[in-house]
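Colleague: Structure of the sequence below:
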Amino acid sequence: MSEKQTKPEANLDKLYAEIEENAKLEQKNLTAQAEANARKVNKEQNELLRFFGGMLLFGAGMFMIFQNMIVESSWGMGSVFHIGGYGIPNGTIMIPLLLGIALLFLLDRKLWGWLFIAVGFVIVLAAVIMSVSVRWRTSSAWMFFVMFAMTFAGGAMMLRELFRGKD
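Modeller: Modelled structure (predicted):
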């Protein structure tokens, strides 16, 4: 009889040991899963940090480049457009725009007025852009290298994070 009493206890001991082993394995799996999730979150944060770091480098480099450019305009000094050997004075390029405004108030069909305004606006915008000249301010070779290195490194960091394949 004592043998029968020990057998159920032995079975219970085995069952308890098996439950404890399963609990340990479950705890180990949960810990591994939590570590994997933490690594994934950390990786995503690093990607975002690299993207914004690249944006900061790119912006600083572009700022330095634009600080070393001198933009001058020759608007109002003679003519921008030339037809043959005759230059059209800058004031006359406003005629299509002014004509379009007059046609808006004159005609019932406003299509011609809007067309003249659009063409006049494009001509004025083209004249302003064509009268601009850009010069580079004298800078040291080191500053030139730093400006463009920052711009290209920052741009590359941003593009790397934007077009990285997701794992």
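Colleague: Going by C-alpha atoms from here, please, whenever you check contacts or count neighbours.
Modeller: Noted.
Colleague: Following element in sequence after the helix or strand containing residue 124, please.
Modeller: Following DSSP states H and E, one finds residue 124 within helix 111-130. Downstream of helix 111-130, the first helix or strand assigned by DSSP H and E is strand 132-136.
Colleague: Show me what that next one is in contact with.
Modeller: Here strand 132-136 makes contact (CA atoms under 8 Å, 6 or more residues apart in numbering) with 68-75.
Colleague: Format the CA atom coordinates belonging to the helix holding residue 124 as CSV.
Modeller: Provided in CSV are the C-alpha atoms of helix 111-130 (Å, rounded to 0.1, in the frame of the first residue of the first chain):
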residue,chain,number,x,y,z
LEU,A,111,-11.6,84.2,-72.6
TRP,A,112,-9.5,86.7,-74.6
GLY,A,113,-8.8,88.8,-71.5
TRP,A,114,-7.7,85.9,-69.4
LEU,A,115,-5.5,84.6,-72.3
PHE,A,116,-3.8,88.0,-72.7
ILE,A,117,-3.3,88.2,-68.9
ALA,A,118,-1.7,84.7,-68.8
VAL,A,119,0.6,85.5,-71.7
GLY,A,120,1.5,88.9,-70.2
PHE,A,121,2.2,87.3,-66.8
VAL,A,122,4.5,84.6,-68.4
ILE,A,123,6.4,87.3,-70.4
VAL,A,124,6.9,89.5,-67.3
LEU,A,125,8.1,86.4,-65.2
ALA,A,126,10.4,85.3,-68.0
ALA,A,127,11.9,88.9,-68.3
VAL,A,128,12.6,89.0,-64.5
ILE,A,129,14.2,85.5,-64.5
MET,A,130,16.3,86.4,-67.6
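Colleague: In CSV, list the contacts of strand 132-136 along with pLDDT, secondary structure and neighbour count.
Modeller: Below are those laid out as CSV (pLDDT from 0 to 100; DSSP: H, G, I helix; E, B strand; the rest coil; neighbours: other CA atoms under 10 Å):
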residue, pLDDT, secondary structure, neighbour count
68, 93, coil, 17
69, 93, strand, 13
70, 91, strand, 11
71, 87, strand, 11
72, 85, strand, 11
73, 78, strand, 13
74, 72, coil, 13
75, 64, coil, 15
